[in-house]
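Chemist: Make a model of this:
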Amino acid sequence: MSESFLAVLKAILDTLVLDEPVAMQPHLIDWRKRHEGQALAIALPGSTEAVAAIVSLCGRHRVPIYPQGGNTSVCGGSVPDASGSGIVVNLRRMNRILSVDPRDNAMLVQAGCVLANVQEAALAADRLFPMSLGAEGSCQIGGNIATNAGGTAVVRYGNMRDLVLGIEAVLPDGTIWNGLRTLRKNNSGYDLKNLFIGSEGTLGIVTAAALKLFPRPRHSVTALIAVGSIETAAALAQALQTEFPGAVSAVELISESELALVVRHIPGTAHPLASEAPWYVLVEIAGAEGEAVVCDRLTAILEEPMAAGSVTDATIATSERQRQQLWHLRHNVTEANVREGLGLTHDIAVPPARIPQFVHRAEAALASAFPQAVPVVVGHLGDGNLHYIAMFSHADWGAMADKPGATRAVGHLLYDIAADLGGTFSAEHGIGSIHLGEMSRYKPPVELLLMQRIKGLLDPDELMNPGRVLPR
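Modeler: Next comes the predicted model:
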């Protein structure tokens, strides 16, 4: 069957097919080298019609489909399983910017567009596409949509769901749904696009999107502020959003343990402040106000806590180069963590006011159960999303007798705390293949039932990214 299937697959117009092991390998393992699978082939369609033909063919032959974008998932959702019975459909050839309309503040793009290229196309039209995250140089818009990506600008602009006006998708039966509308208001029934945003390719393949653009801020001020406690960090985030309503584009949290790893492992980085502190707040304020005015107001906000000693140091970027240096520290945390050791990352979210509670409870619980692990924390103070990482040295992790058991134990330790505080175990990374147990443990049964009914309606043969998102 596989030979006849592959022969027809290779004959589909506007499609490249890789079936040699060396050519396929980059698509079969995730970038952190933690998840690896097998596949019959890698299909690289060049058009929506080609995607539809591939999906229809797979349906007739009952061949599973694993949609793939830039393969930057951290949840095992972007590579196939170990069975080798399915194909990977990668959209990197579908990478055209279809249109940019500054009058409508909208742009149409194919799903294989790299996020950084979408940002640049918006800027060329004097507009802003605000999605920004560490993998923006390689992640693709289709993957951002499929995972409902977050990033550093959620506090002001929202998740990917808030930035998508419409989508085009190929359904599991090969039908093409063209929902590429740029309307801000459309109250004509169910909002179907939201079924696909965050579904991780389990309900269909997003092939194009209509994205929301914004006027480009005329001025921006970026600062890194050292604070003595997590309570001060949370209070400062609230104070900044109150003082600069609607203008805070990012308010990020970085622990000293995290910043030290970046400086240690990422070439060209250095600690930007004269002394260390337990926590740092990276803030960006962007709008129409002049930089001098914003700097003066920001300095005034910091005067009292600095006098009290709760804020210990700060630096405000005075050039674009300095701004990029500060953001370089933030955007390279994942790469630094990979180089340091085995980091168990937990993408939790709690109500922002409860971040200090989570941090204290998590630190105590981790120290008691896994004293060899170092807490490494980075996250988004404005929306309550923390990436809480239990960092093990390679030696300590290698000495673990039951690594899968330890991984689950650390996860449940932290997820239970988040759940108790009204939070979640997955804020922006998604479910993939590694969080199916958490879905069963933490999601209310009625929510799982509704999801399973939707999946059964659209993909009754369970061929779209099987083994992802929904526990069986």
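
Chemist: Can you give me the neighbour number for Ile205?
Modeler: Using other CB atoms under 10 Å, Ile205 is surrounded by 27 other residues. Where you see a C-beta, it was placed from the backbone N, CA and C, and this is true even at glycine.

Chemist: And it, how close does it get to Thr147?
Modeler: 14 Å (CB to CB, to the nearest Å).

Chemist: Ok, Pro356 next?
Modeler: Taking CB to CB, one finds Pro356 at 28 Å from Thr147.

Chemist: and what of Gln110?
Modeler: The value you get for Gln110 to Thr147, if CB to CB is used, is 17 Å.

Chemist: neighbour-wise, which of the two wins?
Modeler: Between Gln110 and Thr147, Thr147 has the larger neighbour count (other CB under 10 Å), namely 29 against 23.

Chemist: these two touch, right, the more buried one and Glu200?
Modeler: Yes: Thr147 lies in contact with Glu200 (CB atoms under 8 Å); the separation is 6.0 Å.

Chemist: what sits in contact with each of those two?
Modeler: Shared contacts of Thr147 and Glu200 (CB atoms under 8 Å, 6 or more residues apart in numbering): 77, 430.

Chemist: pLDDT below threshold where in this structure?
Modeler: Residue ranges of the chain with pLDDT under 70: 1.

Chemist: Could you pull out the strands in the stretch 1-150 of the chain for me?
Modeler: 15-18, 41-45, 65-68, 87-90, 97-101, 106-110, 127-128 (DSSP state E, counting those that start in this stretch).

Chemist: cool, the stretch 251-400 of the chain as well?
Modeler: 279-287, 311-316, 342-349, 374-380, 385-392.

Chemist: Can you check which of those strands gets nearest to Arg96?
Modeler: strand 279-287 (28.9 Å; CB to CB).

Chemist: Next, the angle from that closest one to strand 374-380.
Modeler: Strand 279-287 and strand 374-380 are oriented at 10 degrees to each other (axes from the mean of the first three to the mean of the last three CA atoms, to 10 degrees).

Chemist: For strand 279-287, name the packing helices and strands.
Modeler: Packing partners of strand 279-287 (3 or more CB pairs under 8 Å, 6 or more residues apart in numbering; DSSP states H and E): strand 219-227, helix 230-243, strand 248-255, helix 256-265, helix 291-308, helix 320-331.

Chemist: Could you tell me which strands the first one is paired with, and in which direction each runs?
Modeler: Pointing back at strand 219-227 there. strand 279-287 (antiparallel), strand 311-316 (antiparallel) (DSSP bridges).

Chemist: Nearest residue to the middle of this structure?
Modeler: Centre of the chain computed as the mean C-alpha position; nearest residue by CA atoms, centre = their mean is Ala149, 4.0 Å away.

Chemist: Contact partners for it?
Modeler: By CB under 8 Å, 6+ apart, the contact list for Ala149 reads 131, 133, 139, 143, 159-160, 428.

Chemist: Now for the residues you listed, which sits with the most neighbours around it?
Modeler: Ranked by the number of neighbours (other CB under 10 Å), the contacts of Ala149 place Gly143 first, at 29 neighbours.

Chemist: Distance-wise, check that one relative to Val248.
Modeler: 27 Å.

Chemist: okay but Ala209 is in contact with Ile141, surely?
Modeler: Yes: counting by CB under 8 Å, Ala209 does reach Ile141; the two are 5.8 Å apart.

Chemist: domains for this structure, by residue range?
Modeler: 2-90, 97-215, 219-333, 341-429 (automatic domain parsing).

Chemist: Tabulate the ones you listed in JSON lines, adding columns for distance to Ile454.
Modeler: Formatted as JSON lines, the domains of the chain follow (distance: least, CB to CB, whole Å):
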{"stretch": "domain 2-90", "distance to Ile454": "17"}
{"stretch": "domain 97-215", "distance to Ile454": "7"}
{"stretch": "domain 219-333", "distance to Ile454": "34"}
{"stretch": "domain 341-429", "distance to Ile454": "18"}
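
Chemist: For Pro444, which of those is the nearest?
Modeler: domain 341-429 (11.4 Å).

Chemist: Rebuild the strands of the stretch 251-400 of the chain as TSV, extending it with distance to Gln324 and mean neighbour count.
Modeler: Listed next are those as TSV, based on distance: least, CB to CB, whole Å; neighbours: other CB atoms under 10 Å:
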stretch	distance to Gln324	mean neighbour count
strand 279-287	12	24
strand 311-316	14	19
strand 342-349	25	22
strand 374-380	18	23
strand 385-392	22	24
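
Chemist: Which one of those strands lies nearest to His61?
Modeler: Nearest of those to His61, taken as CB to CB: strand 342-349 at 35.8 Å.

Chemist: Between strand 374-380 and the closest one, find me the angle.
Modeler: Orientation check (the same axes, to 10 degrees): strand 342-349 against strand 374-380 gives 40 degrees.
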